[in-house]
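**Q** Task: produce atomic coordinates for the following.
(one chain, ligands or ions: 2)
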Amino acid sequence: MEAPHSPAPDGATATARLTLHSPDQTQELGRTLAKLLRPGDLVMLTGELGAGKTTLTRGLGEGLGVRGAVTSPTFVIARVHPSLVGGPALVHVDAYRLGGGLDEMEDLDLDVSLPDSVVVVEWGEGKVEDLTEDRLHVVIHRVVGSTDDERRMVTLTGHGARWAGVDLALG
Ligand SMILES: Nc1ncnc2c1ncn2[C@@H]1O[C@H](COP(=O)(O)OP(=O)(O)OP(=O)(O)O)[C@@H](O)[C@H]1O
Ligand SMILES: [Mg+2]
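**A** Residues are numbered from 1 along each chain as shown. Ligands and ions are numbered 1, 2, ... in the order given. Down below sits the predicted model:
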């Protein structure tokens, strides 16, 4: 994993870029990132279908030491994985099937679970930003034109006071 620093864009407090070369590396990034996370943290995952958002979340779950396999839920929109080690639960949300409606999102009561949990949301753009001003935004994308099917570019951006000064270059 290479992790060059780059200047933070407007409104963001910290950013780092990484190249991942396999699903295992993506999962490992999740395990590493988990060490930075604490109750009340919101992680937003952006990337096209099959980018690796759930794979990364699996690593987050391992790193946090939570119960249950992290999978792509077919019918469930949010799944709670309680901690096995006395830490925060992982709330894994896949908002893909949710319409734009904030009402459906509100039904999940994420504001209630957030203070004691790490909330990770796939497809949450435009739906979860109101939960908290602080969030870690992870953007995963395939490299256009790459012949390597497993290559992914990842950008980590911390927004808000929570992430100010946090070193996201996880080299
Ligand atoms: N570097 C990589 N990181 C993550 N997944 C990879 C990588 N290279 C190949 N893959 C494959 O891409 C797929 C990623 O699936 P995953 O469910 O994690 O994606 P997703 O972003 O959650 O998709 P969806 O939007 O459908 O929820 C897996 O089949 C995985 O094996
Ligand atoms: Mg997924």
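
**Q** Check which residues of the helix or strand of the chain with the lowest mean pLDDT are buried.
**A** Sorting the helices and strands of the chain by mean pLDDT, DSSP states H and E puts helix 102-107 at the bottom, at a mean of 77. Of the residues in helix 102-107, those with enough neighbours to count as buried (16 or more other CB atoms under 10 Å) are residue 105. (Each C-beta comes from the backbone N, C-alpha and C, glycine too.)

**Q** tell me what that helix is packed against?
**A** Judged by 3 or more CB pairs under 8 Å, 6 or more residues apart in numbering; DSSP states H and E, helix 102-107 is in contact with no other helix or strand.

**Q** which residues in this protein form strands?
**A** Taking DSSP state E, the strands of the chain run over residues 14-20, 42-46, 78-81, 89-94, 117-122, 135-142, 152-159.

**Q** closest to residue 167 out of those?
**A** Closest approach to residue 167 among the strands of the chain (CB to CB): strand 14-20, 7.3 Å.

**Q** ok and the residue in this structure nearest ligand 2?
**A** Proximity to ligand 2, evaluated over the chain using CB to the ion, is greatest for residue 54 at 3.3 Å.

**Q** So which bits of stretch 32-49 are buried?
**A** Buried residues in stretch 32-49, defined by neighbour count with 16+ other CB under 10 Å: 33-34, 36-37, 41-47.

**Q** again with stretch 119-127
**A** Neighbour-count burial for stretch 119-127, counted by 16+ other CB under 10 Å, picks out 119-124, 127.

**Q** tell me which of those residues is nearest to ligand 1?
**A** Distance to ligand 1 across the buried residues of stretch 119-127 (CB to the nearest ligand atom) is lowest for residue 122, with 5.4 Å.

**Q** show me the residues around the closest one that make contact.
**A** The contact partners of residue 122, by CB atoms under 8 Å, 6 or more residues apart in numbering, come to 45, 53-54, 57, 92-96.

**Q** one more time with 6 Å, if that's ok
**A** Residue 122 makes contacts with 45, 53, 94, as judged by CB atoms under 6 Å, 6 or more residues apart in numbering.

**Q** quick one on the thing from earlier: near ligand 1, from the buried residues of stretch 119-127?
**A** Residues shared between the buried residues of stretch 119-127 and the neighbourhood of ligand 1 are residue 122 [CB under 6 Å from any ligand atom].

**Q** Please produce JSON lines containing the buried residues of stretch 119-127, extended by pLDDT and distance to residue 109.
**A** Rendered in JSON lines, the data for the buried residues of stretch 119-127 read as follows (pLDDT from 0 to 100; distance: CB to CB, whole Å):
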{"residue": "119", "pLDDT": "97", "distance to residue 109": "11"}
{"residue": "120", "pLDDT": "97", "distance to residue 109": "16"}
{"residue": "121", "pLDDT": "95", "distance to residue 109": "14"}
{"residue": "122", "pLDDT": "95", "distance to residue 109": "18"}
{"residue": "123", "pLDDT": "92", "distance to residue 109": "18"}
{"residue": "124", "pLDDT": "90", "distance to residue 109": "15"}
{"residue": "127", "pLDDT": "87", "distance to residue 109": "14"}
